[in-house]
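# got a predicted model here, sequence first, then my questions.
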Amino acid sequence: MKDLDGAFKPSRATYIITPELTYAPGTQALKGKVSGWELLCSVLAFAAPVTSVSSLIPFVIQGGGIGAPLLILAATVLMLSFSIGFVAMSEHVTKPGAFYAYVAEACGIKIGHGTAFVAVFAYFTLGFCTVALIGPVFSSFLSEVFGIRGVPWYVGSMLSFMITGFLSYLRIDLSAKVLTLTMFAEIAVVLIFNLIVPFSNNGQNFSVEPLSASHFFDGNFTVAFLYSIIIFIGFESTAVYRDEVKNPKKTIPFVTYAAVLFIGCFYAFSAWMIITAYGVDNVMEAANRDTANLFMNAMATYMGKTSVDVTRGILIISAIACLLSAHNALARYIYSLSRNGAISPKFGKIHPKHMSPYVASLGCTLGWALATLVLIKADPNLLYAQVGGVGTYAMLILMSLTSIAVLYFFLRRKEFSFRTTVCPLLAVAGILSFTLLTTVNFHYLTGGEPGSGIWLQLIIVGMFAFGYFSALLKPQPASIAATER
């Protein structure tokens with residue numbers, strides 16, 4: 001027990017509580033040889049270039065007008081501010097766990113565990129919304145391209161998490177290589193479109209007007225900026241793989257910055273080219289008429305119907321790659337919780353051959369399988385909206401908690417600099433304020449009426465409370481060393 005000045009009081013037994021996460025006895029650490037390039041592709045797979053360009057950027061354009069590229073660049077600045085503080089604190093956090101480890105280090109084990117359960121919920125729901133997306137897209141692809149009709153949506157969904165479950169069970173190196181190949185295909189498809197558009201029609205539709213600051217607040221800023229931030233979700237998972245990458249002290253900071261910059265610049269350019277494809281005077285009419293197919297319709301115009309069929313096939317692969325990235329991150333969160341004594345030690349087991357958290361991975365696969373069976377009669381489009389919306393909202397809360405934790409950590413240590421104070425302060429101001437805006441306008445995420453979906457928000461509160469009180473009631477193994485006097 002400590003005095004106010006931090007000195008230990010003499011007592012029959014002195015309990016030394018370490019400030020950081022510690023591991024339960026008998027647990028093993030993950031090992032791997034993932035390169036920086038493979039880690040970058042694994043993280044970018046979560047951002048899913050083809051899926052984001054076809055499914056998210058059209059909503060940024062619909063909400064923000066022709067100023068969409070600037071909104072994405074503004075979100076990039078905000079995410080960079082977050083990343084600078086995040087990376088600065090990584091020098092003091094030696095345990096994997098991303099949001100979980102950072103909040104626990106700064107704010108204590110109880111709040112850390114509350115954050116961890118919210119993170120597990122966020123990754124699980126984002127993974128399941130991807131499962132709900134893949135099913136209908138897969139069925140539609142079989143029907144329209146190959147003439148195979150009547151395939152239920154859940155067939156494609158089940159195939160997707162069976163594939164990712166198999167790959168996640170094996171060595172992380174294999175998943176990284178699969179995701180690297182997938183990323184090449186995704187980026188190539190979008191990049192070809194981006195390079196063809198400005199030179200078509202003698203460049204008549206090309207304009208720099210979308211980059212004008214006068215269009216920054218066109219349309220509904222809250223909706224447009226929300227979808228701009230959603231594009232970046234997953235970049236923080238670099239820290240989850242700390243034990244499995246080569247030279248993590250250099251690799252993780254580099255990959256974190258590279259992921260944010262690539263996502264921001266590539267998607268801002270893609271938004272600009274989609275606007276260019278229609279022309280600044282016509283894009284909003286097209287976006288309001290058919291938002292979901294804004295990118296595919298433009299691709300059909302400039303590259304032909306065959307390119308659309310190929311891209312739809314790559315879209316399915318993109319979504320499966322996104323699910324695999326989420327699967328790997330979720331399995332490692334569950335593994336970390338187990339290794340730190342928050343849940344059953346069984347989830348902390350490592351496969352003797354593949355060196356993967358195979359029990360945690362199997363748990364993810366089983367969880368998505370059960371969720372699919374329970375909701376098998378539900379409308380997959382509604383599932384995608386509601387489950388994806390609550391998962392995204394949970395991620396915003398996690399980013400808010402982590403940005404506050406980073407700022408508090410350095411303020412407590414009285415470390416004042418651009419990296420440790422200014423950037424974390426900007427991240428707190430931007431992310432927290434926008435999370436509060438989203439709390440009030442939650443229906444924008446789920447597609448419901450204003451005031452609907454509050455029960456989904458309460459689930460997140462319940463997950464945090466469960467984690468907090470479970471840590472409060474259960475001592476952390478190996479975090480307390482007792483010495484008898």
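Looks like it arrived, so ask away.
# what helices and strands are in contact with the top helix by length along the chain?
Ranked by number of residues, the top helix in the chain under DSSP state H is helix 109-146. Contact partners of helix 109-146 among helices and strands, from 3 or more Cβ pairs under 8 Å, 6 or more residues apart in numbering; DSSP states H and E: helix 99-107, helix 153-169, helix 305-339, helix 358-374, helix 380-412, helix 454-473. (Each C-beta comes from the backbone N, C-alpha and C, glycine too.)
# how far out from the middle of the chain is it?
Mean-position distance between helix 109-146 and its chain equals 10 Å (Cα atoms, centre = their mean, to the nearest Å).
# so what angle separates the directions of that helix and helix 358-374?
Here helix 109-146 runs at an angle of 60 degrees relative to helix 358-374 (axes from the mean of the first three to the mean of the last three Cα atoms, to 10 degrees).
# poorly predicted segments of the stretch 251-400 of the chain, please.
Applying pLDDT under 70 to the stretch 251-400 of the chain flags no residue at all.
# tilt between the longest helix of the chain and helix 99-107?
Orientation check (the same axes, to 10 degrees): helix 109-146 against helix 99-107 gives 160 degrees.
# avg pLDDT for helix 109-146?
What helix 109-146 shows for mean pLDDT is 91.
# buried ones in it?
Neighbour-count burial for helix 109-146, counted by 16 or more other Cβ atoms under 10 Å, picks out 109-139, 141-142.
# how far away is residue 140 from residue 150?
Distance from residue 140 to residue 150, counting by Cβ to Cβ, to the nearest Å: 12 Å.
# now residue 245. Its backbone dihedrals?
With angles defined as degrees, to the nearest 10, residue 245 sits at phi -110, psi 160.
# is it true that it touches residue 36?
Yes. If you go by Cβ atoms under 8 Å, residue 245 and residue 36 touch, sitting 7.2 Å apart.
# now do the shared contacts for the two.
By the contact definition Cβ atoms under 8 Å, 6 or more residues apart in numbering, residue 245 and residue 36 are jointly contacted by residue 251.
# these two - which one has more neighbours?
A side-by-side neighbour count of residue 245 and residue 36, using other Cβ atoms under 10 Å, places residue 245 first with 24 against 18.
# and that one, bridged to which residues?
Beta-bridge pairing for residue 245 (DSSP bridges): residue 34.
# which residues touch it?
Shown in contact with residue 245 (Cβ under 8 Å, 6+ apart): 32, 33, 34, 35, 36, 39, 251, 252.
# can I get the residues you listed in TSV with distance to residue 217?
Formatted as TSV, the contacts of residue 245 follow (distance: Cβ to Cβ, whole Å):
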residue	distance to residue 217
32	45
33	48
34	42
35	42
36	38
39	37
251	39
252	36
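# which of those lies closest to residue 353?
Taking Cβ to Cβ as the measure, residue 353 sits nearest to residue 32 out of the contacts of residue 245, at 13.2 Å.
# any idea of the pLDDT on that closest one?
For residue 32, the model assigns a pLDDT of 68.
# and residue 18, by the same measure?
If you check residue 18, the pLDDT there is 35.
# what's the answer for residue 1, then?
pLDDT, residue 1: 39.
# could you do the one 10 residues further on as well?
If you check residue 11, the pLDDT there is 36.
# and the contacts of stretch 48-62?
Stretch 48-62 is contacted from outside by 68, 71-72, 133, 183, 186-187, 189-190, 219, 223-224, 227-228, 230-231, 266-267, 270-271, 274-275, 283-284, 287-288, 291-292, 294-296, 311, 314-315, 318-319, 321-322, using Cβ under 8 Å, 6+ apart.
# list only buried entries from the residues you listed.
Using 16+ other Cβ under 10 Å as the burial test, those include 68, 71-72, 133, 183, 186-187, 189-190, 219, 223-224, 227-228, 230-231, 266-267, 270-271, 274-275, 283-284, 287, 294-296, 311, 314-315, 318-319, 321-322 as buried.
# centroid-nearest residue for the protein?
Nearest to the mean C-alpha position of the chain, counting by Cα atoms, centre = their mean, stands residue 234 at 2.6 Å.
# quick one: contacts for the closest residue to it other than its chain neighbours?
Excluding the flanking residues, the one nearest residue 234 by Cβ to Cβ, 6 or more residues apart in numbering is residue 46, at 2.8 Å. The contact partners of residue 46, by Cβ under 8 Å, 6+ apart, come to 233, 234, 235, 237, 322, 325, 326, 329.
# host element of residue 46?
Using DSSP states H and E, residue 46 sits in helix 36-47.
# same deal with residue 268?
Element membership for residue 268 (DSSP H and E) is helix 248-278.
# I'd assumed residue 110 was in contact with residue 468.
Yes. Under the criterion of Cβ under 8 Å, residue 468 makes contact with residue 110 at 5.2 Å.
# among the helices and strands packed on helix 109-146, which is the most enclosed?
Of all the helices and strands packed on helix 109-146, helix 99-107 has the most neighbours on average by mean count of other Cβ atoms under 10 Å, namely a mean of 26.
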